[in-house]
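Novice: got a predicted structure here, sequence first:
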Amino acid sequence: MRQAEKAKYVPWYRLAEKALGDLIPHPKNDAEITKWVSQEDWLLIPSYTERSLTEARSRPDPNLYFSLENGSIRI
């Protein structure tokens, strides 16, 4: 998945930041957000302890993610 396609998730992460406050990391720039977008086209919301998408995907707790496709949102 190209970086430009991943950018569609940036506003949704910023909205999650506002809703979840200090429960999730606050990236300094868009590139720090798009690194959490998978090749399968979904955005994982990381915890503070996670440093990579692979690590976050394998956490024992449930994941929070967004998937945008065909004009709909899956959470």
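Specialist: Looks like it arrived, so ask away.
Novice: and the pLDDT at Pro62?
Specialist: We have a pLDDT of 89 for Pro62.
Novice: hang on, it in a helix?
Specialist: No: under DSSP: H, G, I helix; E, B strand; the rest coil, Pro62 sits outside any helix and is assigned coil.
Novice: adjust the sequence numbering to begin at 42 for everything that follows.
Specialist: OK, 42 is where the count begins now, so the last one is Pro103.
Novice: quick one: stretch 90-107 to chain centroid distance?
Specialist: 10 Å (C-alpha atoms, centre = their mean, to the nearest Å).
Novice: same check on stretch 104-116?
Specialist: Stretch 104-116 has its C-alpha centroid displaced from the chain centroid by 10 Å (C-alpha atoms, centre = their mean).
Novice: now the strands for the chain?
Specialist: Applying DSSP state E to the chain gives strands spanning 84-86, 105-110, 113-115.
Novice: so where do the helices sit in the protein?
Specialist: Using DSSP state H, the helices of the chain run over 44-47, 51-61, 71-75, 94-98.
Novice: sorry, back to before: most tightly packed of the strands of the chain?
Specialist: strand 84-86 (a mean of 21; mean count of other C-beta atoms under 10 Å). For the C-beta atoms, the positions are set from N, CA and C on the backbone; glycine is no exception.
Novice: ok, residues contacting that strand?
Specialist: Strand 84-86 is contacted from outside by 50, 53-54, 57, 61, 65, 74, 77-79, 94, 97-98, 104-108, using C-beta atoms under 8 Å, 6 or more residues apart in numbering.
Novice: what is the rounded mean pLDDT of it?
Specialist: 96.
Novice: from the chain's centroid, how far away is it?
Specialist: With C-alpha atoms, centre = their mean as the basis, strand 84-86 stands 2 Å off its chain's centre.
Novice: ok so, going back, now tabulate the strands of the chain in JSON lines and tack on distance to Arg43.
Specialist: JSON lines is the format used below for the strands of the chain (distance: least, C-beta to C-beta, whole Å):
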{"stretch": "strand 84-86", "distance to Arg43": "15"}
{"stretch": "strand 105-110", "distance to Arg43": "15"}
{"stretch": "strand 113-115", "distance to Arg43": "21"}
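Novice: check Tyr89 and give its pLDDT.
Specialist: On the pLDDT scale, Tyr89 is placed at 88.
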